[in-house]
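Q: With the sequence up front, the predicted model follows.
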Amino acid sequence: MIEDHKTGFPPGVSFEDAPSYRTEIDRDLLRCDQNSISALQSEERDAANNIVFITRTDRSKEIVPQNFVDGSPFAVLQRIVCKPNEAQQ
């Protein structure tokens, strides 16, 4: 992103002076054979690349995958990363 963006928080949680971020880095588990993706970690970083906010999935609980939605950025990622026959199964 060229401009800074305010950090988003879960519903019901608000901070008046929420930090701004410029880059978001997501780590996701892509399952070609199951046609799904699961969010594992998200980092928001400022213009100097310092971590502003980080969220992680609780790995002690079951990770619930989401199916790809046609036309979404994840569906495009699936077409790039997955072998065509794996994504079709």
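A: It's in. Numbering: from 1, shown residues only.
Q: So which elements touch the lengthiest helix in the chain?
A: Counting residues, the longest helix found in the chain (DSSP state H) is helix 73-81. Counting contacts by 3 or more Cβ pairs under 8 Å, 6 or more residues apart in numbering; DSSP states H and E, helix 73-81 is packed against strand 23-31, strand 36-45. (Glycine included, C-beta is placed from N, CA and C.)
Q: Looking at the ones you listed, which one is packed in the most?
A: The highest mean neighbour count among these, using mean count of other Cβ atoms under 10 Å, belongs to strand 36-45: a mean of 16.
Q: who does it pair up with?
A: Strand 36-45 has these partner strands in its sheet, going by DSSP bridges: strand 23-31 (antiparallel), strand 51-56 (antiparallel), strand 66-67 (antiparallel).
Q: pLDDT-wise, which helix or strand of this structure ranks last?
A: Every helix and strand of the chain was ranked by mean pLDDT, DSSP states H and E. The lowest is helix 84-88, at a mean of 52.
Q: what is the residue positioned nearest the centre of the chain paired to in the beta sheet?
A: For the chain, the residue nearest the mean C-alpha position is Asp26 (4.0 Å; Cα atoms, centre = their mean). Beta-bridge pairing for Asp26 (DSSP bridges): Ser42.
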